[in-house]
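**Q** Pasting the sequence and the predicted model now:
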Amino acid sequence: MTRGKAGARGHGGSPCTLENREREHIETTLVDFGGNLRRTARILGVTRQNLEHRIRRLGARRPPALARREPARPAAKVGKR
């Protein structure tokens, strides 16, 4: 079995630690599933709540355009009175 070099660097030049690898994996999977936490959690084998906890703990970034938004309000009904 081959081990990585001491001081190896991960994506973006950050040290290759387990936490960094987990954060990168979560961020990549979030992008793959359009920022959908429920689907991402299912693929990663954790609950949605656990995924949210890990995102906060690890400082993982959600895709900017997909970050939490206010839900759209339903349009007013236009009709005959």
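**A** Here it is on my side, so go on. Quantities reported herein were computed from a predicted structural model and do not represent experimental measurements.
**Q** Packing partners of the longest helix along the chain?
**A** Taking DSSP state H as the criterion, the chain has its longest helix at helix 18-32. Applying 3 or more CB pairs under 8 Å, 6 or more residues apart in numbering; DSSP states H and E, we find helix 18-32 packed against helix 37-44, helix 48-58. (Each C-beta comes from the backbone N, C-alpha and C, glycine too.)
**Q** Burial-wise, tell me which of those helices comes out on top.
**A** helix 37-44 (a mean of 16; mean count of other CB atoms under 10 Å).
**Q** Next, the angle from that helix to helix 18-32.
**A** Put simply, helix 37-44 runs at 120 degrees to helix 18-32, going by axes from the mean of the first three to the mean of the last three CA atoms, to 10 degrees.
**Q** now could you export just the CA positions of helix 37-44 as CSV?
**A** In CSV, the C-alpha atoms belonging to helix 37-44 read as follows (Å, rounded to 0.1, in the frame of the first residue of the first chain):
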residue,chain,number,x,y,z
LEU,A,37,-29.1,19.3,0.6
ARG,A,38,-31.5,16.4,0.8
ARG,A,39,-30.2,14.7,-2.3
THR,A,40,-26.5,15.4,-1.4
ALA,A,41,-27.1,13.9,2.1
ARG,A,42,-28.6,10.8,0.6
ILE,A,43,-25.7,10.3,-1.7
LEU,A,44,-23.2,10.9,1.1
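**Q** Figure out which of the helices and strands packed on helix 18-32 is closest to residue 23.
**A** Across the helices and strands packed on helix 18-32, the minimum distance to residue 23, taken as CB to CB, is reached by helix 48-58, at 4.3 Å.
**Q** what comes into contact with the closest one?
**A** Contact partners of helix 48-58, identified using CB atoms under 8 Å, 6 or more residues apart in numbering, comprise 19, 22, 23, 26, 37, 38, 40, 41, 44, 46, 60, 62.
**Q** Put the alpha carbons of it into CSV.
**A** Once non-C-alpha atoms are left out, helix 48-58 reads as follows in CSV (Å, rounded to 0.1, in the frame of the first residue of the first chain):
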residue,chain,number,x,y,z
ARG,A,48,-29.8,16.3,6.0
GLN,A,49,-29.4,17.6,9.5
ASN,A,50,-26.0,15.9,9.8
LEU,A,51,-24.9,17.3,6.5
GLU,A,52,-25.9,20.8,7.6
HIS,A,53,-23.9,20.3,10.9
ARG,A,54,-20.9,19.1,8.9
ILE,A,55,-21.1,22.1,6.5
ARG,A,56,-21.1,24.5,9.5
ARG,A,57,-18.3,22.6,11.4
LEU,A,58,-16.0,22.3,8.4
